[in-house]
Structure formats: C-alpha cells, structure tokens
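Undergrad: All I have is the shape, not the residue letters:
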C-alpha cells in the first residue's frame, strides 16, 4: 500500500488557498451593489458547485472503468469520489439555502438547479447506502458502478424536466459572468476546493483499498482445538 | 425474439399465479389515494386540483411493492442462476421481466383511475390519452425499477433499498406524468401535453436501452 505524502500536500495547499481566497473575498473584495455582503457566499458556493460536479463526473468515469476493467482499484476510487461528491453536493444545497433566505425570502425554491442538486444528493447517497447492504465485494463493485452510470445519465433529464416545470435561479456564475473585482477570490477558492477534493479522494481511496484488502484476505487457518482437561473423577 | 417471448410468457404466468398479491397491492394503492385526501382537507376544488399528483404518488408507492416482488420467485432457491444457465441472452430475461412489470403497473394505474375519479371528482372524457400517459409512466417506472429490483432482491434490506434507489431516479417520470395527467383532466389550452409526453418517451428510450445493456453485469455471478 502506497503511503505517498501527496494527499496531505494537496490538503495543505487547499487550506492555504482557501484561507487566502476567503480573507480576500470577505475583507478586501467590494460588496455587490444589490445583494451587499450576502453575495460573499458566492466565493464558497460557486467553487463548491463546480467541484461537486467534478467529483461526481469522476465517480462516473470510475464506474465506467470499474465495469470495463473489473479492477477493485476503480471501485475504491468510485467509493471515494461518490462520498466526496455527495458531501460537496449536500454542502452546496446548504450554502444555497443560506444565500436564498435573505435574497429570495425563502430557504428553498423548486428551481431546476436546486432541485437537480437535491435529487443528485439522494440518488448518489442511495448508492452509498446500497454499498452498506452488499457483503460480496465483487457484487458491490459491479452494482454500485451500474447504479452510478444510471444515476449520472439521469442528471440531465432531471435538470431539463425541472427546468420545464419551473425556473428562478440565475445563469451559472463563472469568472466571465461576474465583475472583475470578484474574479480572484473566486478563482483562488475554486482551486482551494479542487485541491481539497483531490486530497480527500486520494485519502478515502486509500482507506477503501485497505478495507478491500481485509475483506478479500483469505481466512486465517484454524488453530488445533485444545483438548478438554480430564475431570478428576473420570481419571480414576 | 423467441427467447424473449418464452421469458415473457413465464413472467406473465408468474404474475397470474400471484394475482392475489397484485390485488393486495391494488388495495394498498387505493387506500393511499384515500389517505392523500386527508392531507389536504375535504375541499372538492383542492382535491380535484391535486388529483393527478395523488394518482401518480399512489402508483409510485404501489410500484415499489410490485417491483420488489417481481424477482421474489427468481431469488428463491437460486432460480435466477438456473435461468442464466439456459442459452438465453440475459437482456431477453430483463426485457421480459420489465415488460411484464410495465404491464402490471399499467393495469394498476388504469384500475386506480376510477378511484381517483370517485374520490376527487376528476373525471375526463379523454380516457385514451390518460391511458396512454399511464402506459408511458408505468414503462418509465418499470425500466430502472426492474434493474434495481434484480439488485436489491439479492441484498439485505431490499424493501428499503429499492425505493431509496428508485425514487430520485424517477423524478422526471413523476413530473412529466403528473403534468400530463393534470393537463388531460383540467384542459390543455397551450398544447403542453405533447412536450411532457415527449419527455416520458425520452426517459423511456434512455432507460430501456441503458438498463437492458447493464442487466447482464447485475446478474452475473
């Protein structure tokens, strides 16, 4: 088992970038004209959204590779990417709710992107639950890969169906769609969360690999049974 | 095609022999429709407005019972392994089971319509259109539902896992079917039924192809 220091280096770099980007965004970047300080949540919210999608896309790639190559290494990466993707998506929903209350006046709205993200949390979270209920590691790997492929293929359909149903959310934010004054904290935090995601996925893959090794290890040989001591009465 | 028809005949025969259970699931769906009315109160206009949503929620909840039981016979005494030993493509087994499930759900949906009409006063003269949406929606529930039922029938806590996996996935089916049914009941001045039906068709095309492709990997030992 490789014990490379790279994941820790990634997390260290991520913390540095996140502190730098957040301090810049909170104290040095100007407040937005209409939303005021509430807009500053964008420096965490938008990078979380990008990286959540990236983590789940990586999970999809791992699922395809796991089905194609049938190697446990891809299942370990799939487990890690799913967990990190679900956590980031759940965080995205929470940050969105915190931003929505002062801006839209409600914690939640049935907007396409919000609803699609919530559906993603439940769809990919259910795959993590499925993994807990399958003992056979080979079946677990195949089934979770199949479920990931289906769930990922469903995301665009969910998005467009909910978009037809209702829409309120503004267009995607990116450095091109926001004022130049907000660029740098957004970019720095995006890379911060990217490195955090890479570090966490690497570490979680390592944990998953150790668990698989334990599961797939042959059972220990049974020791010879001890002979029961002969009772005093029986000896005579 | 011969294999598919033989497997389909087997699945229809299984459903016919377990028809008492189908009647129990139907009673569950009808009682769910009755209970939904207590959630919004006895105002006739409100009940009529939400009739389509209640119908599809009733069918969705009932579908988990139908789908979970569809692999019950195969899960017992390793019957599925026996089927896989036959010179039949696993995809034929999947499509037969999914078609049988779609037929069972369509029948249940059609049988729940009179209950909806009586309880919520949601009558419509456009019965063929409504049956068409029931057919498309049931097919949409059946395609991923059959694949997940095959998985969960071999796992622990299958009754919990199946809805957990299926419900988020079928959000587009639920949305499109509820909207289309509602437009059929309340009128469609803007001609939107076509778009919602198209969404159901797209969902079906994608999931029937994808799940048919992946089924072999789910049941392989």
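TA: Structure received. Bear in mind that the values here come from a model prediction, so they are computed numbers and not experimental data.
Undergrad: Any figure for the gap between residue B:80 and residue B:142?
TA: The span separating residue B:80 from residue B:142 equals 18 Å under the rule CB to CB, to the nearest Å. Glycine gets a C-beta too; all of them are placed from N, C-alpha and C.
Undergrad: can you tell me how far residue A:54 sits from residue A:196?
TA: Using CB to CB, which is the criterion applied here, residue A:54 is 12 Å from residue A:196.
Undergrad: So between the two, which is more surrounded?
TA: Counting neighbours by other CB atoms under 10 Å in any protein chain shown for residue A:54 and for residue A:196 shows that residue A:196 has the greater number, 21 against 18.
Undergrad: which residues sit in contact with residue B:184?
TA: Applying CB atoms under 8 Å, 6 or more residues apart in numbering or on different chains to residue B:184 gives the contacts B:52, B:124, B:126, B:129-130, B:133, B:193.
Undergrad: near chain A, which residues of chain B show up?
TA: With CB under 8 Å from any CB of the partner chain as the criterion, chain B comes near chain A at residues B:144, B:147-148, B:151-152, B:154-157, B:161, B:164-165, B:167-169, B:171-172, B:175-176, B:179, B:195-196, B:199, B:202-203, B:206-207, B:210-211, B:214, B:217-218, B:220.
Undergrad: The same query, at a cut-off of 7 Å, please.
TA: With the criterion set to CB under 7 Å from any CB of the partner chain, chain B comes near chain A through B:144, B:151, B:155-157, B:161, B:164-165, B:168-169, B:171-172, B:175-176, B:195, B:199, B:202-203, B:206, B:210-211, B:214, B:217-218.
Undergrad: which residues touch residue B:211?
TA: The contact partners of residue B:211, taken as CB atoms under 7 Å, 6 or more residues apart in numbering or on different chains, are A:150, B:94, B:143-144, B:147.
Undergrad: where does it land in three-state SS?
TA: Using DSSP: H, G, I helix; E, B strand; the rest coil, the secondary structure recorded for residue B:211 is helix.
Undergrad: okay, residue B:80 and residue B:142: which has more neighbours?
TA: Summary of the neighbour comparison: residue B:80 and residue B:142, criterion other CB under 10 Å, with residue B:142 having more neighbours (30 against 20).
Undergrad: So for that one, what pLDDT did the model give?
TA: pLDDT, residue B:142: 94.
Undergrad: Following the host helix or strand of it in sequence, what is the next regular element?
TA: Secondary-structure assignment from DSSP states H and E places residue B:142 in helix B:127-152. Using DSSP H and E, the helix or strand that follows helix B:127-152 in sequence is helix B:158-169.
Undergrad: Could you list every helix and strand in contact with that following helix?
TA: Judged by 3 or more CB pairs under 7 Å, 6 or more residues apart in numbering or on different chains; DSSP states H and E, helix B:158-169 is in contact with helix A:112-132, helix A:137-165, helix B:51-70, helix B:127-152.
Undergrad: For it, what is the distance to the chain centroid?
TA: With CA atoms, centre = their mean, to the nearest Å as the basis, the distance from the averaged C-alpha position of helix B:158-169 to the chain average is 13 Å.
Undergrad: before we move on, what about stretch A:123-138?
TA: Relative to its chain's centre, stretch A:123-138 lies at 15 Å (CA atoms, centre = their mean).
Undergrad: repeat for stretch B:171-183
TA: Relative to its chain's centre, stretch B:171-183 lies at 13 Å (CA atoms, centre = their mean).
Undergrad: ditto for stretch A:26-39
TA: A distance of 28 Å separates the C-alpha centroid of stretch A:26-39 from that of its chain, computed with CA atoms, centre = their mean.
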